[in-house]
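Participant: Everything below, folded, please.
(2 chains)
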Amino acid sequence: DTEVTQTPKHLVMGMTNKKSLKCEQHMGHRAMYWYKQKAKKPPELMFVYSYEKLSINESVPSRFSPECPNSSLLNLHLHALQPEDSALYLCASQSGFQETQYFGPGTRLLVL
Amino acid sequence: EDQVTQSPEALRLQEGESSSLNCSYTVSGLRGLFWYRQDPGKGPEFLFTLYSAGEEKEKERLKATLTKKESFLHITAPKPEDSATYLCAVRTNAGGTSYGKLTFGQGTILTVHP
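Facilitator: Below you'll find the model as predicted:
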C-alpha cells in the first residue's frame, strides 16, 4: 500500500484567513514533503521533514508554516496568503529504504 | 546546476501508435531517476524508479530505460486512457542524505486519440 491522503481536496480562503492543510501516511515512511504546483508547471519543493524534524526549507515565505506532529502526519498552516499562492499543494512521503517519493492527491487552494 | 529536460512538450498519438518520451539530465551524481504520470488536478502517480545506466523496467504498456545521459519512456500500443502528463524527475547525491529534493522536468503532455 502506497497511499498518502490529503485533506481538504479543495480550499477557498481570503487573504486574512488562517487555514491548515493536512497530510497523512501509514506506510511507516520517515520523510514527508510539501510541494507546490502551479498550472502547467512541475511540482516545486517547499519543505522536507525527516524523522519529524524540518530538514529542508526552500526559502518559503513565513506565511506558510509546516508542522510534523508525529511520523504519520504533516500539516501546512496558512496565514495571510496572497492570490499568487493559489496552486495545487502536494504532500509526498518516502521510505528510508528506497528513493521513491509517493504523492498524495493534492489540495487545490484558491486565495481570493 | 542540475538540469532535467523533457521532450517533446506535447505528443499526440493515434490509439495503437507506439512512441517514446525523452528525459535528458545533467546532474552531479545521480541517486535515482523517476517517472510519474499526472492526470489534470491530481497528484503525480509513481510509475518507475531507475538507479543505474542499462536498467530497464516495464509495467503494462510502458517501459522505462536509462543511460548515463537520458531516460526513455516507451509506450507500446497506447490507449486513450494513457493520456496524461508524464513527469521525469531526478534525485542527486547533493546534501548527502537519503531524503531530498526531486528536480523535475517540465513534463510531456500525451494525448492518445481513439
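Participant: Across the sheet, point out what pairs with the residue of chain B at minimum distance from chain A.
Facilitator: Here the residue of chain B nearest chain A is residue B:104; by CB to the nearest CB that distance is 3.5 Å. C-beta coordinates here come from the backbone N, C-alpha and C atoms, glycine included. Note on residue B:104: beta-bridge partners by DSSP bridges are residue B:89.
Participant: okay, now it: neighbour count?
Facilitator: 23 (other CB atoms under 10 Å in any protein chain shown).
Participant: what about the helices in chain A?
Facilitator: Shown for chain A, no helices are assigned by DSSP state H.
Participant: Close to chain B: what parts of it are there?
Facilitator: Listed as neighbours of chain B in chain A under the rule CB under 8 Å from any CB of the partner chain: A:2, A:4, A:6, A:30-31, A:41-43, A:45, A:48, A:50, A:55-56, A:58, A:88, A:90, A:94, A:96, A:98-106, A:108.
Participant: Please tell me how far residue A:103 sits from residue B:38.
Facilitator: Per CB to CB, to the nearest Å, residue A:103 is found 9 Å from residue B:38.
Participant: can you list residues touching both of those two?
Facilitator: By the contact definition CB atoms under 8 Å, 6 or more residues apart in numbering or on different chains, residue A:103 and residue B:38 are jointly contacted by B:44-45.
Participant: What residue in chain A comes nearest to chain B?
Facilitator: For chain A, CB to the nearest CB, closest residue to chain B: residue A:42, 3.5 Å.
Participant: ok, that residue - contacts?
Facilitator: Here residue A:42 is in contact with B:87, B:89, B:104-107 (CB under 8 Å, 6+ apart).
Participant: now do residue B:111
Facilitator: Neighbour list for residue B:111: B:10-13, B:83 [criterion: CB under 8 Å, 6+ apart].
Participant: Mind listing the residues bridging to it?
Facilitator: The partner residues for residue B:111, given DSSP bridges, come to residue B:12.
Participant: pLDDT at it, what is it?
Facilitator: Note on residue B:111: pLDDT of 98.
Participant: Could you do residue B:92 as well?
Facilitator: For residue B:92, the pLDDT comes out at 85.
Participant: Which PyMOL command selects the buried ones in the contacts of residue B:111?
Facilitator: Typed into PyMOL, the line below selects the buried ones among the contacts of residue B:111, using 16 or more other CB atoms under 10 Å in any protein chain shown:
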select buried, chain B and resi 11+13+83
